[in-house]
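Participant: Compute the structure for the input listed below.
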Amino acid sequence: MGGLPDLPPEAFAKQDRAPDTLFYAHPRFVTHIDDAAIEAVTDLYRKLLPPGGRILDLMSSWISHLPAEVAYGAVIGHGLNARELAANPRLTRHFVQDLNADPLLPLEDTSIDAALICVGVQYLQDPVAVLREVARVLVPGAPVVITFSNRCFPTKAVAIWQAVGGDDHARLIALYLRHAGFSVVEARVLLPDGGPTDPLRAMIGRTPTPIVDAQ
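Facilitator: Below you'll find the model as predicted:
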């Protein structure tokens, strides 16, 4: 895989090797984590995302979990099902693209104030390439917020994701982020394993902020 020479290609193989576009051809108007986990995602976004900012919601669907009381300058949604994205009331625009076939984002450099990947990172087959693109479009120092649980479509999650769990999922995402150029990586446990709700964790990456010469 690009950017991860220590991991064999088989680590990012999927049980269902058919194109992802076929799997997501029909809309799924469901939530992929429970209500408590959704509330935890929303609260994290409330703390991290700048009001009025330009938000990129990657691997989105018919709901973005953004706080209802906060207005953003733009919310750009990405996904694999046009009907789901069209039904999302928070998106100001959206695009359909298979990131496993083409990781290049149709966005300008430093045009985004925060990027989100909610319970979708486990499906990326070249996560470093995608996250390098995220780093390119983010304003320096802006966050990419990757939230994840133990729930997934097992036939579409990559092999290495299914082989590990918990802390190792966090370490794996940290590896992705660092190889993609995010020099600051923070891990948070939002809802612990073994509780009454879906477990939920977050990895937050930021690219370096240029040093401004005061002279």
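
Participant: Pull out the buried positions in the helix-or-strand element of the chain with minimal mean pLDDT.
Facilitator: For the chain, counting by mean pLDDT, DSSP states H and E, helix 20-23 ranks last in confidence among helices and strands (a mean of 86). Using 16 or more other C-beta atoms under 10 Å as the burial criterion, the residues of helix 20-23 that qualify are Asp20, Phe23. No exception for glycine: its C-beta is placed from N, CA and C like everyone else's.

Participant: Of all the residues in the helix or strand following it, which ones are buried?
Facilitator: Downstream of helix 20-23, the next assigned helix or strand under DSSP states H and E is helix 35-48. Using 16+ other C-beta under 10 Å as the test for burial, helix 35-48 gives Ala37, Ile38, Glu39, Ala40, Val41, Thr42, Leu44, Tyr45.

Participant: Make TSV from those and add pLDDT and distance to Pro154 to it.
Facilitator: As requested, these are exported to TSV (pLDDT from 0 to 100; distance: C-beta to C-beta, whole Å):
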residue	pLDDT	distance to Pro154
Ala37	96	18
Ile38	97	21
Glu39	97	25
Ala40	98	23
Val41	98	22
Thr42	98	26
Leu44	98	26
Tyr45	98	27
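
Participant: could I get the residues you listed as JSON lines with distance to Ile112?
Facilitator: Shown next, in JSON lines, are these (distance: C-beta to C-beta, whole Å):
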{"residue": "Ala37", "distance to Ile112": "25"}
{"residue": "Ile38", "distance to Ile112": "23"}
{"residue": "Glu39", "distance to Ile112": "25"}
{"residue": "Ala40", "distance to Ile112": "23"}
{"residue": "Val41", "distance to Ile112": "19"}
{"residue": "Thr42", "distance to Ile112": "20"}
{"residue": "Leu44", "distance to Ile112": "18"}
{"residue": "Tyr45", "distance to Ile112": "14"}
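
Participant: And the furthest pair within these?
Facilitator: Ala37 and Tyr45 (12.9 Å; C-beta to C-beta).

Participant: Among the buried residues of helix 35-48, which one lies nearest to Phe182?
Facilitator: Leu44 (17.1 Å).
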